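Enquirer: Sequence first, then the predicted structure, then my questions.
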Amino acid sequence: MNDLEDRLRDAYRAAADTIDPATVPSPPVSMRRRVNFSQRMRILTPLAAAAAVAVVVTTTTLAGGTAPRHHVRTARARPAAPAVVLPPFTLADVGSSLKVYDTRTGARVATLTPPAGQQFEDVASGGSPGTYLAATGLSASACHAYFYQFHLSATGQPSPLTFLRSVPGSQPTAVVGIPGSRSYAYSTVHCQTAPPNGGVGISGPAGNRTWTYPTGDDYTFSLAATADGRTLALSFYVYGPGFQDMLLNTQSSSPTAAGASRALPSVPVSDTLAISPDGRTLYACTSDGTTGTLASYSTATGAQLRVLHQWPVTASGGGAPGTDSGYMSRGFSCQVSTDLTGRYLLAAVSLDNKLDHWTITGFDLQTGASATIPVRPHLPYLGGQLAW
Amino acid sequence: MAVKISRAETADEVDELYRQQAVSMIRLALLLTGDRATAEDVVQDAFLGLCRRWPGLTDPTKAVSYLRTSVINGCRDVHRARRVAWLRRPPHDPPVWSAEAAAIDGEDRREVLAAVAGLAQRQREVLALRFYLDLSYGEIAAALSISQGTVASTISRALAILARQLNPQRRTSE
């Protein structure tokens, strides 16, 4: 035992003692209810198995189109859904590495590790087929943002990371490629509170400039880009109004991200946003506490165009849309992104309290078909952590 | 000894475990997250997770270990989910060791805890388990799924960093 260890123990004890046992809340009501639910599920599981078979068969049919036709008729009365052809590989940023999965089988085919001392913060499709972008930060307490590019081979094997840029004193928050070009957009925030506080940047033939966050709290959680690179969709926190969906005009002369952007208050605040190549349609998620919904919205009016998918929400919690707690809604979290072409949309949702249990669904936006992707990555935080 | 838990006892046993462990777990979460509201959320989530797994639990003596690991993982999720925001915008109360909170008497204690807060995540976890919960290296290794050697080296490096920052000679010279 030495002086430093004594000081540590003393400080820990003092901090812990600020919790008065008399003020600790009672067990959550849902705890006892959940125990009973679990017990019921043990009894009901054999009964539920038959229904589960139908779901699996349907999913198999959607994913591979190989199930016998009589199974399809058993599963659903309506005609069989068309087979879905999705991008062959699904990339997941799990922080310590990027994992490459076979989209059809869910098998992991490769793992890409970050440079020493760094951890992945974001991954996104790049500007050309097979090209991807990654953002990393320092895994220690110091701050430094790095952006890289890499390629996937036809068998899903990643190339080494190619350095694009770094931003000292900042954390990366998002990166995305501009389709059809070597340009990309990125976002960083400073780790100090003094403004300006980082911003959104674009680099390459589509432009080379930045829009700053002039106040202490602004930052972007996700970026998506139109095919011409003229519009960036931002899931954005703005000092004052709070969380907002924004469209940033990259031709704007405004020096600030907020000044160059148009808010879409009628589109629900979502963990991430996706945008169609022509910039007319946004894809966002929302939850009313019992159902999570992925829908498309008009960027012109903010009106909802179509519901793509709905999931039952199993956990309580979360506040109203547009609020801090609503954004980080405990019952439903959703990440959406599109592939390079904008035809395929990837949606990862967490339906319970745990941010590391995700269900991934792939959509062919041209045909309207969808399929559950048998990949269950551990995604420990929010943001754009999946890419096609 | 492995004991299969009967369904009839489950709810009462989880309630009893909550009464026994909630304070300790909230205090641990407080040390890792810095604010009480978040700590309580993390611990309640950990108990809810335990409830989901309880029917399949064969060894009740492992429930506390399971809870401890769940709380640590929950605290990690909090840090990751708020990764950037956490650096600049306290989502709940100021950290318990901050001057704004002033919940802890003594500048030295706040200085120590603020220095700990600047360490890497694993270092913070290992120090809290070692010097708050007084767990052995083996217990810490099990809780964090790392080797005992890693526990030892992590503690050693963390203490070296703190020693440089805090100048342990200061108190004795005052």
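Expert: Arrived safely. Numbering: from 1, shown residues only, chains lettered A, B, ... in the order given.
Enquirer: What residues does A:G198 make contact with?
Expert: Shown in contact with A:G198 (CB atoms under 8 Å, 6 or more residues apart in numbering or on different chains): A:167, A:170, A:187-190, A:212-213, A:219. To be clear about C-beta, it is placed using only N, CA and C from the backbone, and glycine gets the same treatment.
Enquirer: Please name the bridge partners of A:Q310.
Expert: Note on A:Q310: beta-bridge partners by DSSP bridges are A:T293.
Enquirer: That one contacts A:A295, correct?
Expert: No - using CB atoms under 8 Å, A:Q310 is not in contact with A:A295; the gap is 9.0 Å.
Enquirer: Which residue ranges of the stretch 51-200 of chain A form strands?
Expert: With strands called from DSSP state E, counting those that start in this stretch, the stretch 51-200 of chain A shows them at A:89-93, A:98-102, A:108-112, A:118-125, A:131-138, A:144-151, A:162-168, A:170-177, A:184-190, A:199-203.
Enquirer: Can you tell me which of those is most buried?
Expert: Most buried of the strands of the stretch 51-200 of chain A by mean neighbour count (mean count of other CB atoms under 10 Å in any protein chain shown) is strand A:184-190; its value is a mean of 28.
Enquirer: So what's the model's average confidence on that one?
Expert: For strand A:184-190, mean pLDDT is 88.
Enquirer: Let me know the angle separating that strand from strand A:118-125.
Expert: Per axes from the mean of the first three to the mean of the last three CA atoms, to 10 degrees, the angle that strand A:184-190 makes with strand A:118-125 is 150 degrees.
Enquirer: ok so, going back, so for A:Q310 and A:A295, which residue has more residues nearby?
Expert: The neighbour comparison of A:Q310 against A:A295 (other CB atoms under 10 Å in any protein chain shown) goes to A:A295, with 19 against 12.
Enquirer: quick one: the more buried one and A:P268, what's the gap?
Expert: As for A:A295, its distance to A:P268 is 8 Å (criterion: CB to CB, to the nearest Å).
Enquirer: hang on, the earlier thing: can I get the strands of the stretch 51-200 of chain A in CSV including distance to chain B?
Expert: Shown next, in CSV, are the strands of the stretch 51-200 of chain A (distance: least, CB to the nearest CB, whole Å):
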stretch, distance to chain B
strand A:89-93, 11
strand A:98-102, 16
strand A:108-112, 18
strand A:118-125, 8
strand A:131-138, 8
strand A:144-151, 10
strand A:162-168, 13
strand A:170-177, 5
strand A:184-190, 5
strand A:199-203, 13
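Enquirer: Need the ones you listed in a markdown table (columns: distance to A:R280).
Expert: Below are those laid out as a markdown table (distance: least, CB to CB, whole Å):
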| stretch | distance to A:R280 |
| --- | --- |
| strand A:89-93 | 26 |
| strand A:98-102 | 31 |
| strand A:108-112 | 34 |
| strand A:118-125 | 20 |
| strand A:131-138 | 24 |
| strand A:144-151 | 28 |
| strand A:162-168 | 29 |
| strand A:170-177 | 18 |
| strand A:184-190 | 19 |
| strand A:199-203 | 21 |
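Enquirer: So which of those is nearest B:Q21?
Expert: With respect to B:Q21, and counting by CB to CB, the nearest of these is strand A:118-125 at 31.6 Å.
Enquirer: The closest one packs against which elements?
Expert: Secondary-structure packing of strand A:118-125 (3 or more CB pairs under 8 Å, 6 or more residues apart in numbering or on different chains; DSSP states H and E): strand A:89-93, strand A:131-138, strand A:170-177, strand A:333-338, strand A:386-387.
Enquirer: Quick one: mean pLDDT for whichever helix or strand comes after the fourth one?
Expert: In other words, strand A:333-338. As assigned by DSSP states H and E, the chain's next helix or strand after strand A:333-338 is strand A:344-350. Mean pLDDT, strand A:344-350: 90.
Enquirer: swap in stretch A:305-323?
Expert: For stretch A:305-323, mean pLDDT is 66.
Enquirer: ok, what's across the strand from the residue most central in space within chain A?
Expert: With distances taken as CA atoms, centre = their mean, A:Q335 lies nearest the centre of chain A, 3.0 Å away. Per DSSP bridges, the residues bridged to A:Q335 are A:A348.
Enquirer: and what of A:T256?
Expert: Beta-bridge pairing for A:T256 (DSSP bridges): A:T212.
Enquirer: In this structure it contacts A:T212, no?
Expert: Yes - using CB under 8 Å, A:T256 is in contact with A:T212, at 5.5 Å.
Enquirer: Overlap of the contact sets of the two?
Expert: Residues touching both A:T256 and A:T212 (CB under 8 Å, 6+ apart) are A:G199.
Enquirer: So which bits of stretch B:146-163 are buried?
Expert: By neighbour count on 16 or more other CB atoms under 10 Å in any protein chain shown, the buried set for stretch B:146-163 is B:146, B:150-151, B:154-155, B:158-159, B:161-162.
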